[in-house]
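Student: For reference, the sequence and a predicted model appear below.
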Amino acid sequence: MESNVMGFVAIAASLIVSLGAFGACIGIAIMGSKYLEASARQPELMNALQTKMFLLAGLIDAAFLIGVGIAMMFAFANPFVTS
């Protein structure tokens, strides 16, 4: 029974990391394209937009890394498996 639970934990951790990475990549790609469009339309706002873009990129990556931390917690210090 314990190996069955560990198998499900491995699947869940891989889904958390892979879907989080996919979402973060798509989010940063869309944000970068919108930044390029906005700076091409109004070049005088490029510095203000760049600051906001890097702040949002950090927040998107932080959300992904929180998911990685949770997945690693379940992979290495699993509270569902009794020893």
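Tutor: Sure, I can see it. All of these numbers come straight from a predicted model, not from anything done at the bench. Numbering: from 1, shown residues only.
Student: residues in contact with the residue most central in space within the chain?
Tutor: In the chain, the residue lying closest to the centroid (C-alpha atoms, centre = their mean) is residue 64, at 2.1 Å. By C-beta atoms under 8 Å, 6 or more residues apart in numbering, the contact list for residue 64 reads 20, 21, 23, 24. The C-beta positions use only the backbone N, C-alpha and C, and glycine is treated the same way.
Student: Which of those fall in helices?
Tutor: Among the contacts of residue 64, the members found in helices (DSSP state H) are 20, 21, 23, 24.
Student: and stretch 67-76, which residues are buried?
Tutor: 67, 71, 74, 75 (16 or more other C-beta atoms under 10 Å).
Student: Show me the contact partners of that stretch.
Tutor: Under C-beta under 8 Å, 6+ apart, the answer for stretch 67-76 is 9, 10, 12, 13, 14, 16, 17, 20, 80.
Student: follow-up on the earlier one: so which of the buried residues of stretch 67-76 comes closest to residue 42?
Tutor: The closest of these to residue 42 turns out to be residue 67 (C-beta to C-beta; 34.6 Å).
Student: And that closest one, what's its pLDDT?
Tutor: pLDDT for residue 67: 91.
Student: what stretches of the protein score poorly on pLDDT?
Tutor: Where the chain drops to pLDDT under 70, the residues are 1-3, 80-83.
Student: Now do the helices in it.
Tutor: Assigned by DSSP H, the helices in the chain fall at 2-41, 46-76.
Student: Could you tell me which residues within the first one count as buried?
Tutor: Within helix 2-41, the residues that qualify as buried are 9, 13, 16, 17, 20, 24, 27, 28, 35, 39, counting by 16+ other C-beta under 10 Å.
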